[in-house]
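[1] next come a sequence and a model predicted from it.
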Amino acid sequence: MESQPHVALISSPGMGHLFPSLELATRLSMRHHLSVTVFIVPSRSSSAEYKVIAAAQAAGLFTVIELPPADMSDVTDSTVVGRLSITMRRHVPALRSAVSALTSLPSVLIADIFATESFAVADEFHMAKYVFVASNAWFFALTIYVPVLDKQINGQYVDQKEPFHIPGCEPVRPCDVMDPLLDRTEPQYFEYVRIGTEIPSSDGVLVNTWDDLEGRTLASFRDWNLLGRIMKSPVYSIGPIVRQTGGKKGGASELFNWLSKQPGESVIYVSFGSGGTLSSEQMTEVAHGLEMSGQRFVWVVRAPKVRSDATFFTTGDGTEDQSEAKFLPDGFLERTSEVGFVVSMWADQTAVLGSPAVGGFFTHGGWNSALEGITNGVPMVVWPLYAEQRMNATMLAEEVRVAVRPKELPTKAVIGREEIAAMVRKIMAEEDEEGKAIRAKAKELQRSAEKSTAEGGSSFENFARVVKLWRENRV
């Protein structure tokens, strides 16, 4: 006899974790008619985050419970992975209390990768334990293989001369490793090794990718001679899971009115994510590069910061002085007023990318943004700043071939205006042959993504398969 499972999700702070978790909950509720409870640990630093949470609560598709804040006053670790790990660890008692207070106990707990210590709560309440990887399978492969590399590699990863070989996957170049691997002496490195060790104890993993995109990597998890000996539980590709457009609302109407007057696929959208910022010098070069390219653009401008990840926990509430002229070169706004539209702090990215006028995406390459570009068939300029974005940029530009990237890492050097202009023209200009191939591949991948999540597609079937296991009370 099949039972109707009650599924609980726990999401880490930050828009990059919150959006995919809420979209996953939406699909579990709407497509599979499951009862879903989402436990959220808000960053409490962004009005945009509160609006997203409020919208999810108002939609009524699932229950949203904000866990009470844990005391973080003594935490000095400012690294993203370190602080996220400590935050989620300190919220385990609150999660335990919240679960015990539910009238219907969940039978499945889905944790994002920073919440694996919540498995202890799942065990206490006899819940199946799953991990939701909001990034790609290559990133996930490196994550679970890091405990092996930790024993194999001497010295710093970035100082190694040869790429790191992961069984059945593309090698990872030392310069592309994610942030927690940049310094093995930092606490966030040890947190990451712990995460890589804990994930295989789950009953299964849901990854935000699809078979056509990463078939070789996904196959490595099923092969005992490759990653299957580490990740013994099944890995399900269920993506792409991307947020749905919020529509043309509020203050954004002026932007969408402007877009509606532009020729088809003539505009490049420039945004470095909710946690991505540029130095003043680099912002000046981007401005001049956009102007030199001669292409129409929409640019979401944020105040320059010293560190590229400085806004991860403070995504802004729009109350700061965000006068564009304060950060941009003298006369830039006037000179580009006919071809450009500058937005302060935030724009509805999914709606912008879905506009018929948009034909390119200048992005930090976070996986959520990369998927939003792919699912809209938009070629990209990838500009990696932090986290796993260097790996994403390599994958998108060199393996998938839907993007171009700078010759040097933006975190290592200031990228000049001439190179920026050339990258923009390459993906936007009709006469560029390499760009033409990139644009065609973007459209091809868009069709592949649509097919994967449609009925009968690989991700659709994988999703149905795991839900069937939950209904049968099998893990």
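    Happy to help now that I have it.
[2] state the mean pLDDT of stretch 105-124.
    Averaged over stretch 105-124, pLDDT sits at 97.
[3] how about stretch 360-370?
    On average, stretch 360-370 scores 97.
[4] what's downstream of the least confident helix or strand in the chain by mean pLDDT, the next helix or strand?
    Ranking every helix and strand in the chain by mean pLDDT, DSSP states H and E puts helix 324-327 at the bottom, with a mean of 74. Using DSSP states H and E, the helix or strand that follows helix 324-327 in sequence is helix 332-335.
[5] now for whichever helix or strand comes after that following helix, which elements pack on it?
    Next helix or strand after helix 332-335 toward the C-terminus (DSSP H and E): strand 340-344. For strand 340-344, the packing partners by 3 or more C-beta pairs under 8 Å, 6 or more residues apart in numbering; DSSP states H and E come out as helix 253-260, strand 296-301. The way it works is simple: take the backbone N, C-alpha and C, and place the C-beta from them, glycine included.
[6] buried residues in strand 340-344?
    340-344 (16 or more other C-beta atoms under 10 Å).
[7] also stretch 255-274?
    Under 16+ other C-beta under 10 Å, the buried positions of stretch 255-274 are 255-256, 258-259, 262, 265-274.
[8] with stretch 345-363 instead?
    Buried residues in stretch 345-363, counted by 16+ other C-beta under 10 Å: 345-353, 355, 357-363.
[9] start to end distance for it?
    15 Å (C-alpha to C-alpha, to the nearest Å).
[10] phi, psi of the nearest residue to residue 295 once chain neighbours are set aside?
    Counting by C-beta to C-beta, 6 or more residues apart in numbering, residue 428 is the residue found nearest to residue 295 once chain neighbours are left out, at 4.9 Å. Main-chain dihedrals, residue 428, degrees, to the nearest 10: phi -110, psi -30.
[11] who's in contact with residue 428?
    Applying C-beta atoms under 8 Å, 6 or more residues apart in numbering to residue 428 gives the contacts 266, 268, 293, 295, 359-360, 435.
[12] at 7 Å instead, please
    Shown in contact with residue 428 (C-beta atoms under 7 Å, 6 or more residues apart in numbering): 268, 295, 359-360.
[13] from those, which land in strands?
    268, 359-360 (DSSP state E).
[14] for the biggest helix by length in the chain, packing partners?
    Criterion DSSP state H: the longest helix present in the chain is helix 433-453. Helix 433-453 is packed against helix 211-221, helix 367-375, helix 417-428, helix 458-471, with contacts defined by 3 or more C-beta pairs under 7 Å, 6 or more residues apart in numbering; DSSP states H and E.
[15] buried ones in that helix, by neighbour count?
    Across helix 433-453, burial judged by 16+ other C-beta under 10 Å covers 435, 438-439, 441-442, 445-446, 448-449, 452-453.
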